[in-house]
Every structure is written in structure tokens, then in C-alpha cells.
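**Q** what would the 3D arrangement of this be:
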Amino acid sequence: MKIKVLLAATMLIASTTAIAQEAELPRKVNNVTLLDLNGKEATLPEWGNKNLMIFYVDPDHHKQNQDFTEELEQNGRASGGAIVGFGVMNLKDAPMVPNGMARSLARKRTEKNGATVLADQNRTLSTEWGLGNCNNLFVLLLVSKEGELVYMKKGPLSEADKEEFYQVVDKYRN
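**A** Next comes the predicted model:
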């Protein structure tokens, strides 16, 4: 009985710590090494030179917020000389999608749209940045060129979430 209570208390403390870490913004984060779509090591593009808008996506739910990403492409409201946007596939949380196949499909798509996409096979980004559970979620991130995570939203975006994002990103466009 004591072991069960101790285990439950430990799990509660760990989850509370993860939630608290998720909520603390802005916070300093470091560049991470992931993989490019050919399976070679790559760091986040333009780290330290530009503000980064990152779409951290679980391939099992890649269409979550598709309307928002299309809206961004069309209206250009989150683009500008000081911002670079790209995607990171959260492959660890998509066990039914083979990593090579996911990278191959992304390669085909990026050939058409010119987007940059990296692959995170081991939850490196979410672990090192303390993002918490990202499984089955589209995670929208904004990192300043000073290396601070200044915005994070997970899951389906409401209209209020989108407006909040635009207010934050407006500060970093120029």
C-alpha cells in the first residue's frame, strides 16, 4: 500500500512539474539536432538569426489546424524578414507511420511547396524544451532570435487562439 501511495505521489509531482514548465513563457530554449528529410542530422534553420515559427506536428494528426496553416500561407500575416517558418514532424508519437515513409511523403510535399520540414524521431524537441505531452497534437511555437520560447499552443486552435497568436507574432515580424 505504501508503495502505491509513494508511486502515485511521485507521478503527481512529475506531472505537476511538467505542466508548470509548459506554462512558463517566455523561457530560454536551446537549438536542437534533429534530422532532415534525407535522414541526416540538422539543427533548426536560422537559429539566432531570425524568429522561428515552428509547426510541431504529429503525423497521425497532420490535418489538425490545416485551415490555419493555409490561412497563414495566404494572408502572409506571420511572414516577414525577421520570421522563418518551418515544420517538425513528431515521429515518435506516430508509431504506426514508419519514419522513412513519413520523411518520404514530406519530401514529396516540400518539393511542391518549398517548405522546410525536419523530423524528430525521439521527441528531442518536446523533451529538451519541456513541451509536455504532444501526442496527437499540432503544436504551434514561436521562438525569438534570442532563443526564447515566447508562444506555445497545442491542439485545435480556436478563433481566440489564432488572434492571440497574431498579436504575439506581430511583435516579432520586423
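**Q** burial of Lys162, as a residue count?
**A** 18 (other Cβ atoms under 10 Å). Where C-beta positions appear, they are placed from N, C-alpha and C, glycine not excepted.
**Q** once you drop chain neighbours, what's closest to it?
**A** With sequence-adjacent residues excluded and distances taken as Cβ to Cβ, 6 or more residues apart in numbering, Lys162 is closest to Phe68, at 6.2 Å.
**Q** roughly how far does that neighbour sit from Glu164?
**A** 12 Å (Cβ to Cβ, to the nearest Å).
**Q** mind listing the helices for this protein?
**A** Counting by DSSP state H, the chain has helices at residues 2-23, 66-75, 99-113, 124-128, 159-170.
**Q** spatially central residue in the chain, please.
**A** Tyr56 (2.7 Å; Cα atoms, centre = their mean).
**Q** could you check the pLDDT of that one?
**A** Per-residue pLDDT puts Tyr56 at 95.
**Q** ok, Glu41 - how many residues close by?
**A** Quick note: Glu41 (other Cβ under 10 Å) scores 8 neighbours.
**Q** isn't it right up against Leu35?
**A** Yes: counting by Cβ atoms under 8 Å, Leu35 is a contact partner of Glu41 at 6.4 Å.
**Q** which residues does the residue nearest to the centre of the chain bridge with?
**A** Val88, Val139 (DSSP bridges).
**Q** any weak-confidence spans in the protein?
**A** For the chain, the stretches flagged by pLDDT under 70 are 1-23, 77-79, 98-99, 110, 112-114.
**Q** could you rerun that using 90?
**A** Applying pLDDT under 90 to the chain picks out residues 1-24, 37-39, 58-67, 69-81, 85, 92-116, 170, 173-174.
**Q** what is the neighbour count of the residue lying closest to Asn49 once chain neighbours are set aside?
**A** Ranked by Cβ to Cβ, 6+ apart and with sequence neighbours excluded, the top spatial neighbour of Asn49 is Lys145, at 6.2 Å. For Lys145, the neighbour count with other Cβ under 10 Å is 16.
**Q** need the contact list for Lys145.
**A** Listed by Cβ atoms under 8 Å, 6 or more residues apart in numbering, the contact set of Lys145 reads 48-52, 82.
**Q** what does Asn38 give?
**A** Counted by Cβ under 8 Å, 6+ apart, Asn38 has contacts 103, 107.
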